[in-house]
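A.B. asks: Return atomic coordinates for the entry below.
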Amino acid sequence: MDFKTFWNSTTAFVLKNFFIAAIIVAVLIVGAVKWLGSFTHHGEEVVVPTITGLYVEEAQILAGNEGLTIQVIDSTYSKKEPLGTIVEQNPRAESNAKRGRTVYVIVNAKTVRQVPVPDLRDVSCRQAEATLKALGLEVEGIEYEPSEYKDLVLDLKYNGEHIEPGMRISEGSLITLVVGFGRGTENVEVPNLTGMNLADIRATLLNGRLILGSVTYDAELTEENKHQFVAFSQSVSAGSQLLEGSRIDVQMTTDLQKAATASAQQSEEDFF
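C.D. replies: All right, here's what the predicted structure looks like:
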């Protein structure tokens, strides 16, 4: 069989198509490898810059200059670091990474964490200090007042004012503890507490060097109505003399008419 006859034969046709297909496949493979290398930046590495301590916006510019991107994955709170700055990065600074790589970061919260003030009344001074420290609050000082029992916390102050348990204040805030030193030696006059809410009662008694004792309610105490209760009765009549540091028990009601009647009766007794 001569060459012309072979070239026109079925076998030659199959071989020609096989070689053409092989060339096409080889070209596609080479093209794909080159495209993948370009897409993944194969062999192109950069040094990851130090972005801890920067704000995210600053870090994006710095990382972008190196062909990297930034992604925030979490936040934390540290009073040792500026608010809103990056505190941790991955990959770490000065390591090598491919262009296009994402740098994952953890940022410090943008606002100071708020913590609830615990109820430390009738807790020992030492235990109260430890509890406040564990919550991230600081004891600024201790004020001593007459009390029935010694070394127990009577009240907490923030910025010089009484603070109710449960209120939220910034972490790192300074708290003053009001602590009892035992019964005093002087008599003080019992104030009229009728019509006052619990916070005002406690503050009034402390100012008068007396202590709030038991508190009872003439109705069920709930989260919704707890701020509506006012005093309508007290264990020691207003105007009486007691040794400083003594406790006064009160009864509370949401019936304002009941409280007003009790207040009027107290005023009448004071008059006579």
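
A.B. asks: got the residue ranges for the helices in the stretch 51-200 of the chain?
C.D. replies: Assigned by DSSP state H, counting those that start in this stretch, the stretch 51-200 of the chain shows helices spanning 56-64, 125-134, 198-207.

A.B. asks: which residue is nearest the centroid of the chain?
C.D. replies: Closest to where the C-alpha atoms of the chain average out (CA atoms, centre = their mean) is residue 113, at 3.6 Å.

A.B. asks: still on that earlier bit, most packed of the helices of the stretch 51-200 of the chain?
C.D. replies: Greatest average neighbour count among these goes to helix 198-207 (a mean of 18), per mean count of other CB atoms under 10 Å. Yep, even glycine has a C-beta here, placed from its N, CA and C like the rest.

A.B. asks: contacts for the helix or strand just after it?
C.D. replies: Later in the chain than helix 198-207, the nearest helix or strand by DSSP states H and E is strand 211-217. With CB atoms under 8 Å, 6 or more residues apart in numbering as the test, strand 211-217 has contacts from 147-148, 154, 180, 198, 201-202, 205, 229, 235, 245-253.

A.B. asks: Also stretch 250-267?
C.D. replies: 192-195, 198, 201, 212-219, 225, 228-235, 237-238.

A.B. asks: so can I have TSV of the helices of the stretch 51-200 of the chain showing distance to residue 105?
C.D. replies: Formatted as TSV, these follow (distance: least, CB to CB, whole Å):
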stretch	distance to residue 105
helix 56-64	7
helix 125-134	29
helix 198-207	44
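
A.B. asks: what about the ones you listed, which gets the closest to residue 89?
C.D. replies: Among the helices of the stretch 51-200 of the chain, the nearest to residue 89 by CB to CB is helix 56-64 (8.2 Å).

A.B. asks: which residues are contacting the closest one?
C.D. replies: 49, 51, 54, 69, 70, 72, 84, 86, 103, 105, 107.

A.B. asks: Nearest to residue 173, out of those residues: which one, please.
C.D. replies: Closest to residue 173, out of all of those and judged by CB to CB, is residue 84, at 20.2 Å.

A.B. asks: which ones are touching the residue nearest to residue 108 when sequence neighbours are not counted?
C.D. replies: Residue nearest to residue 108 in three dimensions, not counting chain neighbours: residue 81, with 4.7 Å by CB to CB, 6 or more residues apart in numbering. Residues in contact with residue 81 (CB under 8 Å, 6+ apart) are 53, 87, 108.

A.B. asks: Of those, grab the buried ones for ChimeraX.
C.D. replies: Selecting only the buried entries of those in ChimeraX, with 16 or more other CB atoms under 10 Å as the criterion:
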select :87,108
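
A.B. asks: Looking at the contacts of residue 81, which are in strands?
C.D. replies: The members of the contacts of residue 81 that map onto strands under DSSP state E are 87, 108.

A.B. asks: Do you know the pLDDT at residue 27?
C.D. replies: Listed pLDDT for residue 27 reads 74.

A.B. asks: Can you tell me the element it falls in?
C.D. replies: Assigned by DSSP H and E, residue 27 falls in helix 10-39.

A.B. asks: Give the rounded mean pLDDT of stretch 44-53.
C.D. replies: Per-residue pLDDT values across stretch 44-53 average out to 91.

A.B. asks: Residues contacting it, please?
C.D. replies: If you take CB under 8 Å, 6+ apart as the criterion, stretch 44-53 is touched by 58-59, 62-63, 66-68, 70, 81-82, 85-89, 91-99, 103, 105.

A.B. asks: first vs last residue of that stretch, how far apart are they?
C.D. replies: Start-to-end span of stretch 44-53 (CA to CA, to the nearest Å) is 27 Å.

A.B. asks: Any buried residues in that stretch, and which?
C.D. replies: By neighbour count with 16+ other CB under 10 Å, stretch 44-53 contains the buried residues 46, 48, 49, 51, 52.

A.B. asks: Let me know the closest of the residues you listed to residue 127.
C.D. replies: The nearest member of those to residue 127, counting by CB to CB, is residue 52 at 37.8 Å.

A.B. asks: Residue 169: what's it in contact with?
C.D. replies: So residue 169 contacts 114, 115, 117, 137, 158, 163 (CB under 8 Å, 6+ apart).

A.B. asks: make it 7 Å
C.D. replies: The contact partners of residue 169, by CB atoms under 7 Å, 6 or more residues apart in numbering, come to 114, 115, 117, 158.
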